[in-house]
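Student: Here is the input, now give the coordinates:
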Amino acid sequence: MGLMLRYAFQTLKARKGGFIGAFLALMCAAALVTACGILLETGLRGTIGTERYSGAPVVVGGDQNVHQTTVKHKKGKTKVKHKAKPLAERVWLPADTVDKLRSVPGARSVVPELTFPAYAVSPQGQVVPGVDGKPSYGHAWTSAALTPFKLVAGHAPSAAGDVVVDRELASRTGLKPGAKLTVQSTDAPRAYTVSGIAAPADGDLTQQTSLFFSADEATRLSGHDGQVSAIGVLPKQGVSDGQLADQVRKALSGTTAQVATGGDRGPVEFLDAAKARIKLVSMGGAIGGTSLLVAILVVVGTFALSIQQRYRELALLRAIAATPKQIRQLIGREALIVGLLAGVTGSVLGLPIAYWLHAKFVDFKAIPDTLQVTFSVFPFFAAVGAALLGAWAAARISARRTARIRPAEALAESAVERPGFAWGRTLSGILTLAGGIVLLVVLSVLDTEPASTPVTFLTVVVLAVAVSLLGPLIARVAVALLGVPLRASRVAGHLATANVRANTKRMASAITPLALLIGMACTVFFVQTTMGDAATAQARDGNKADWVVASAGPGVPEQATAALRQTPGVTAVTEVVRTSVRIGLDKYPAQGLSAQGLRETWDPDVTKGTLNGFGDGSVAVSEVAADHLGKKPGDTMKVTLGDGTVVNLKVAAVYARGLGFGDLTMSHALVARHVDNPLASSVLVRTSGDGKAGREQLQKAVGHFPGVGVLDRAQVEDLQAEVQQNNAEVNYVAMGLIIAFTAIAVVNTLAMSVSDRLREFALLRLVGTTRRQVMGMLRIEAGIVVLVAAALGTGIAYAVLTAFSIGMTGAAAPSVAPLTYLAVLGFGGVLALLATVIPGRLALTGRPADVIGARQ
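Tutor: All right, here's what the predicted structure looks like:
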């Protein structure tokens, strides 16, 4: 054992170049595993810092989850499972909860909180965003103690027309006490007098802008009379935070209120950060899982090529009586040494990658920056373990046949690739291909994005594995098909054809990562365009409005909608507010539409039932949701709205355009009462008759509402495309790392393949082949690899995208952007050419006789 380990170290030292490829592949894999593990751990344990509630050691909030408990009886045992899923909107608490907490013996002060959208409006009529483009919220001045905010100028709001603004907003807008300020909140914009300016003791807030109103005005603007969004409890002197929290829990026993202390206060304040945890877990798991599968495929191919290049050396060992077990031990120890070095290096590199990914997700607003990166040693250990396991498994798989060859055949086989047909490998490839086809069938029946996304990328990898196993057979077929045109280049074409025909395994090892790169890149790009184009088409076809009114601020006020209805020539106005709801534990995107004139502005392509009489007790359901839930018109559906309110609605209709409009449609009046922001996200306007209203008339009707504008259908589609692009960028960044890893593997594999052919090139030079002809041969070989890989990668991507399209859109119509597709092929071709030509030129720099002598 010691002898084999020592020989393994000597081999690594002597053949550094042969192991660089395996080291790079494993290092990249370890870095991705570390980064994904850190994201996963951040999602599970990430700390969400608090700002507004930093002065309140105990905070009480509503239960932001919907719960489901199942009881199973099996073999005399009872198993109870409890599951919880987050709600989309804030769950408010009854105001009498404050009275219950005032009796807590350790409480010095009980402070109710109201939180609602509230934005300043500039004198030019522009809605002023919050700090750094973040939200702006309104509160009652009585809750300023939760931060705490202290007045730095002026006085507290004492009348309904007073407002206190935070110091950061005042410095940006030049506001001073006594100034007039228009505020756009949950109602029509209203002018207030700036009574004071306040600031936190520890510095300005960085996650939100705060405006403070009188208690009565804040209650009116919140739209939740008799409710509070949260409660802060401050302790008496000498009472610890833990003691106070226990007393509060006891006082609230039997209610659904949640008590938070320390780092648990952040999720009460930042609901989006709490929901982002789940998103990070799913993204980290998906990227990490796909990375591992890609890594295994790439590393196996790299090790196979490395061992193939060492046939002569291993054959010599077999010829001097080394046993198959010793050969396996040697290769296994080499792999473990490389895996350990690559795992440690990659795990260190994974940390900055994780921070970079986190920063990009924050930039794209996929997660808020209040969710801080959190990690332990486990992602690093997992990365090192994955590198060791991957290296060992790849080496054992690749060395299986090498260790079994008979000594008498060893030296002959080391010089020339063994002729014949590898039936075992071919059978494995056929079985893997069959598995890929099964996954394609499964993918074609998955009609929800969370279910289809992981299967999509798993299918790409499985089909790439099939390509890898069937590579030699594919290479033979490719040479047979391309043989005639290749002969047009007499010397270079003849040499390239002969080389590929004699070394099909080498060509297969070069084709696999390039085909995977093209297939994965096309899938990543065109999954987004397929979904986006289908949703846009459905929204476009279902929008019967002539104009769409939208806002650059928090939304379109109800008063603006009323003004539109009174405009001559307007025949129908439909308000739209968006949310998501739960049915059981399943989440569905939903919208609320005003019933008046609904059929004139909106056509969801109703396939069952009718929208006649649609009202507060009605719900229309997409075909996908109706199929999942087993519902039809006339059935009753129990829906948990965004704020946790449970309602029973009657299914009025089933519609086909679910991608464009969401899975559930309810009345605007119902949904607006149960969302954080009741303002309409858009308003659909239909005009007709001789006095048909145009843009100027509509804009005049809503002109005094800040940020509200009139858009035509083309502008609406442009905005939708921009939103879809922003959402897609998250996936591009996440999966782009895997594509980059695969690109490194392509360069790695091709460079290894070329650099090991020094002896072959020297022999060609000695028999009269010129340097130019050898380079021509290499370029033709690279062209063959690119053509075959492009065909296979395109075929894999098209098959996967078609199955995805069938499942998600109901039609076998994947959306492919021609320029993007050509860019992917061009990128793959350039990589292959550079990874072949540059090592080839370096390999031809020495004198042929010297090279032959050095390699004897």
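
Student: For F23, see how far away the residue nearest the centre of the chain is.
Tutor: Per CA atoms, centre = their mean, the C-alpha nearest to the average position across the chain is that of N731, at 4.4 Å. Distance of N731 to F23, computed by CB to CB, to the nearest Å: 29 Å. In short, each C-beta sits where N, CA and C put it, glycine included.

Student: Next: F741.
Tutor: F741 is 14 Å from F23, by CB to CB.

Student: Same question for the host helix or strand of K505: list its buried residues.
Tutor: For K505, the host element (DSSP states H and E) is helix 504-542. Buried positions in helix 504-542, judged by neighbour count with 16 or more other CB atoms under 10 Å: 504-539, 542.

Student: One more: stretch 736-750?
Tutor: In stretch 736-750, counting by 16+ other CB under 10 Å, buried: 737-739, 741-750.

Student: for the stretch 651-800 of the chain, what are the low-confidence residue spans?
Tutor: For the stretch 651-800 of the chain, applying pLDDT under 70 flags the ranges 689-693, 721-728, 730, 734, 756.

Student: Apply 90 and report the result again.
Tutor: 659-660, 662, 687-704, 707, 709-789 (pLDDT under 90).

Student: Please enumerate the strands of it.
Tutor: 664-667, 682-687, 708-711 (DSSP state E, counting those that start in this stretch).

Student: elements contacting the longest one?
Tutor: Applying 3 or more CB pairs under 8 Å, 6 or more residues apart in numbering; DSSP states H and E, one finds that strand 682-687 contacts strand 547-551, helix 558-565, strand 570-583, helix 598-601.

Student: Next, count neighbours for V165.
Tutor: Using other CB atoms under 10 Å, V165 has 29 other residues around it.

Student: give the contact list for it.
Tutor: By CB atoms under 8 Å, 6 or more residues apart in numbering, the contact set of V165 is 120, 175, 181, 194, 197-198, 210-212.

Student: repeat for R565
Tutor: Contacts of R565 by CB under 8 Å, 6+ apart are V573.

Student: cool, A515 as well?
Tutor: 464, 467, 788-790, 792-793, 796.

Student: a markdown table for those residues, including distance to A273?
Tutor: Output for the contacts of A515, formatted as a markdown table (distance: CB to CB, whole Å):
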| residue | distance to A273 |
| --- | --- |
| A464 | 37 |
| V467 | 42 |
| V788 | 48 |
| A789 | 43 |
| A790 | 43 |
| L792 | 43 |
| G793 | 39 |
| I796 | 38 |
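
Student: Show residues contacting stretch 371-385.
Tutor: So stretch 371-385 is contacted by 30-31, 33-34, 36-38, 40-42, 45-49, 273, 276-277, 280, 340, 343-344, 346-348, 350-351, 354-355, 358 (CB under 8 Å, 6+ apart).

Student: er, stretch 257-272 actually
Tutor: 47-53, 56-64, 89-90, 93, 97, 207, 230, 241-242, 245, 248-249, 252, 273-274, 368, 370.

Student: again, but for stretch 819-830
Tutor: Residues contacting stretch 819-830 (CB under 8 Å, 6+ apart): 514, 517-518, 521-522, 525-526, 529, 743, 746, 786, 789-790, 793.

Student: didn't A120 look like it was pressed against Y192?
Tutor: No - using CB atoms under 8 Å, A120 makes no contact with Y192, being 9.5 Å away.

Student: for the contacts of V165, which one is nearest R779?
Tutor: Nearest to R779 out of the contacts of V165 is A120 (CB to CB; 64.0 Å).

Student: Where does that closest one sit, in terms of helix or strand?
Tutor: strand 119-121.

Student: Could I get the contacting residues of the nearest residue to Y732 once chain neighbours are set aside?
Tutor: Distance criterion CB to CB, 6 or more residues apart in numbering; nearest residue to Y732, sequence neighbours excluded, is V524 at 6.6 Å. V524 makes contacts with 731-732, 735-736, 739, as judged by CB under 8 Å, 6+ apart.

Student: Check K638 too.
Tutor: 583, 646-648.

Student: Pairing partners for it in the sheet, please.
Tutor: With beta bridges defined as DSSP bridges, K638 has these partners: N648.

Student: Can you tell me how far it is from V111?
Tutor: Distance from K638 to V111, by CB to CB: 36 Å.

Student: Likewise for G555?
Tutor: Going from G555 to V111 by CB to CB gives 29 Å.

Student: So for the nearest residue to V683 once chain neighbours are set aside, what's the pLDDT?
Tutor: Taking CB to CB, 6+ apart, and ignoring the residues beside it in sequence, V683 has V549 as its nearest neighbour in space, at 4.1 Å. Note for V549: predicted pLDDT of 91.

Student: Please look at V549 and L564 and confirm they touch.
Tutor: Yes - using CB under 8 Å, V549 is in contact with L564, at 6.6 Å.

Student: rewinding a little: out of the helices and strands packed on strand 682-687, which is closest to A434?
Tutor: Comparing those by CB to CB, strand 570-583 comes nearest, at 36.6 Å.

Student: Can you name the next helix or strand after the closest one?
Tutor: strand 586-593.

Student: what pairs with that following strand, and is each one parallel or antiparallel?
Tutor: Counting by DSSP bridges, strand 586-593 is paired with strand 570-583 (antiparallel), strand 664-667 (parallel).

Student: winner for burial among those?
Tutor: Highest mean neighbour count among the strands paired with strand 586-593 (mean count of other CB atoms under 10 Å): strand 664-667, with a mean of 25.

Student: and that one, how far out from the chain's middle?
Tutor: Mean C-alpha position of strand 664-667 versus that of the full chain (CA atoms, centre = their mean, to the nearest Å) differs by 27 Å.

Student: just stretch 284-291 next, same as before
Tutor: On CA atoms, centre = their mean, the centre of stretch 284-291 falls 10 Å from the chain's centre.

Student: So for that stretch, mean pLDDT?
Tutor: 75.

Student: Other residues contacting that stretch?
Tutor: Residues from elsewhere that reach stretch 284-291 (CB under 8 Å, 6+ apart): 29, 32-33, 35-40, 42-43, 453-454, 457-458, 461, 734-735, 737-738, 741.

Student: What of stretch 149-163?
Tutor: In contact with stretch 149-163 (CB under 8 Å, 6+ apart) are residues 141, 144, 164, 166-167, 176-178, 181, 183, 191-201, 210-214, 216-217.

Student: Buried only: go through those residues for me.
Tutor: 141, 144, 164, 166-167, 177, 181, 183, 192, 194-200, 210-214, 217.

Student: Now do the SS call for G263.
Tutor: Classification of G263 using DSSP: H, G, I helix; E, B strand; the rest coil returns helix.

Student: neighbours of it, just the number please.
Tutor: Counted with other CB under 10 Å, G263 comes out at 14.

Student: and if you look at H73?
Tutor: Counted with other CB under 10 Å, the neighbours of H73 add up to 8.

Student: Any figure for the gap between it and H67?
Tutor: 21 Å.

Student: Repeat that for V716.
Tutor: Taking CB to CB as the measure, V716 falls 39 Å from H67.

Student: same for the helix or strand F212 falls within, what does it pack against?
Tutor: If you go by DSSP H and E, F212 is part of strand 209-213. Under the contact definition 3+ CB pairs under 8 Å, 6+ apart, strand 209-213 sits against strand 136-140, strand 162-166, helix 167-173, strand 190-200.

Student: Which among those is found nearest to V299?
Tutor: strand 136-140 (50.3 Å).

Student: In terms of secondary structure, what does the closest one contact?
Tutor: Strand 136-140 packs on strand 107-113, strand 116-117, strand 209-213, helix 215-222, going by 3+ CB pairs under 8 Å, 6+ apart.

Student: any chance of the contacts of V524 in a markdown table, plus distance to L778?
Tutor: Formatted as a markdown table, the contacts of V524 follow (distance: CB to CB, whole Å):
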| residue | distance to L778 |
| --- | --- |
| N731 | 36 |
| Y732 | 33 |
| M735 | 32 |
| G736 | 30 |
| I739 | 25 |
